[in-house]
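**Student:** just need the structure, nothing else, for what follows:
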Amino acid sequence: MKILMPIDGSNSSKNAMIRSLERGLLTGNDVHVFVAIPDKITGRGYHINPDVIEHVDESFEKHAKQTLEEAKGIFKRYNVEVTTDCAKGDAAKEILEYADKIKADLIIMGNRGLGAFSKTLLGSVSSKVLSQAKSSVLIVKEGE
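**Tutor:** Numbering: from 1, shown residues only. Next comes the predicted model:
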């Protein structure tokens, strides 16, 4: 089975990884760990210095690489091989496109990401993926 696990470095995505590994859901499967990197920042009507935008872009990319390296370490401890990848763009859109690209049978993800309102509702990314994915989606809640 091909399993896509989108992560963003949040506690919720780490929880989804660890719970899935502890329960043996990933063992023996073709697991792909994926990070969507925001492709641009906007000041919504304000001028933003291009140097600031470049710095933020570099920070996003650095965070993505660190997140994937941390995930590789976690998977290694459980002796599960993974393929890692990342793409720039809208998180939900990139996750859905990557799932289609690899023909994922299952997407496993946390219910909240790093967004500003993540503590109040099911994250907009997980909600979009859940409603638009062609494959099955398992949303792992924190504390499960």
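
**Student:** may I have the phi/psi pair for the nearest residue in space to residue 91 that is not next to it in sequence?
**Tutor:** Sequence neighbours aside, residue 36 is the residue nearest to residue 91 in space, at 3.9 Å (criterion: C-beta to C-beta, 6 or more residues apart in numbering). To be clear about C-beta, it is placed using only N, CA and C from the backbone, and glycine gets the same treatment. Torsion angles at residue 36 (phi, psi; degrees, to the nearest 10) stand at phi -100, psi 120.

**Student:** hey, what's residue 36 bridged with?
**Tutor:** Taking DSSP bridges as the rule, residue 36 bridges to residue 87.

**Student:** do residue 136 as well
**Tutor:** Beta-bridge pairing for residue 136 (DSSP bridges): residue 106.

**Student:** same check on residue 2?
**Tutor:** Here residue 2 sits in beta bridges with residue 30, going by DSSP bridges.

**Student:** so what's it up against?
**Tutor:** Contacts for residue 2 (C-beta atoms under 8 Å, 6 or more residues apart in numbering) come out as 29-30, 32, 102-106.

**Student:** so what's the residue count around residue 103?
**Tutor:** Residue 103 is flanked by 11 other residues according to other C-beta atoms under 10 Å.

**Student:** which residue, other than its chain neighbours, is closest to it?
**Tutor:** The shortest distance from residue 103 to any non-neighbouring residue, by C-beta to C-beta, 6+ apart, is to residue 2 (6.1 Å).
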